[in-house]
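Need a 3D model of the following:
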Amino acid sequence: MEANDPNRCQRVIPGGQCAKEAVPSEKYCKIHTAGCKPSDPLRYYILTNKVIGDSARRHAASDEIKSLRDEIALTRALIETRLNSLQNETELAAAMPSLYQYLMAIEKLVSSCHTMEYKLGNLLDKAALLTLAQNLITIIDSNLDKSIPNRDTIVEKIAREMFEAVTMQENNTTTK
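Residues are numbered from 1 along each chain as shown. A predicted model of the protein is given here:
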């Protein structure tokens, strides 16, 4: 069932909006019809709003550090909705203060999320990436047929490109 389908159950569950069909003339499916009271009405509204649709879910890519990721997703959904509502440059200029506040909130949330992921070991540092690259090169080297012409040159080229990719990724991460 599509995210914006008006017949979709409006209950928000840990994985997002329930994908079951709502009972006719009800907001919820058979499972969620009885005693359905969201604990955070604003968050519930944003996640189930027909205008926003699945925007919040698209922004929340991972289950790790879910509460921060939810907040990032909701803030991005609000920005997206606000930008989509603008009709001209005058409206954009008038909306800039609130958009700026949203962007600052996202910056803080992303920074906090990144710090937590790093502390939890969910992010690899340069040394770990280089070790991983070296292990991959060893795997490639051991699985390539020895009779391939220019085999050593190919393996060296792959190793160099992996090292450059790790270095480029590190440079991109430190400039953000």
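
Could you list the domains of the chain?
According to automatic domain parsing, the chain comprises the domains 1-50, 53-123, 126-175.

Reformat the ones you listed as CSV; add mean neighbour count.
Every C-beta, even on glycine, is put in place using the N, C-alpha and C of the backbone. Listed next are these as CSV, based on neighbours: other CB atoms under 10 Å:
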stretch, mean neighbour count
domain 1-50, 14
domain 53-123, 14
domain 126-175, 12
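
So for stretch 30-48, mean pLDDT?
Mean per-residue pLDDT for stretch 30-48: 56.

One more: stretch 152-165?
On average, stretch 152-165 scores 87.

got a list of contacts for that stretch?
With contact meaning CB atoms under 8 Å, 6 or more residues apart in numbering, stretch 152-165 is reached by 130, 133-134, 136-137, 140-141, 144, 148.

List the ones among those residues that fall in helices.
130, 133-134, 136-137, 140-141 (DSSP state H).

which of the contacts of stretch 152-165 sit farthest apart?
The most widely separated members of the contacts of stretch 152-165, counting by CB to CB, are 130 and 148 (25.5 Å).

Remind me what the helix or strand containing residue 99 packs against, helices and strands.
Taking DSSP states H and E as the criterion, residue 99 maps to helix 89-119. Using 3 or more CB pairs under 8 Å, 6 or more residues apart in numbering; DSSP states H and E, the elements in contact with helix 89-119 are helix 66-85.

chain center to the helix it packs on, what's the gap?
Here helix 66-85 is found 11 Å from its chain centre; the criterion is CA atoms, centre = their mean, to the nearest Å.

average pLDDT for it?
Here the average pLDDT along helix 66-85 is 79.

and it with helix 89-119, angle?
160 degrees (axes from the mean of the first three to the mean of the last three CA atoms, to 10 degrees).

Fine by me, we can end here.
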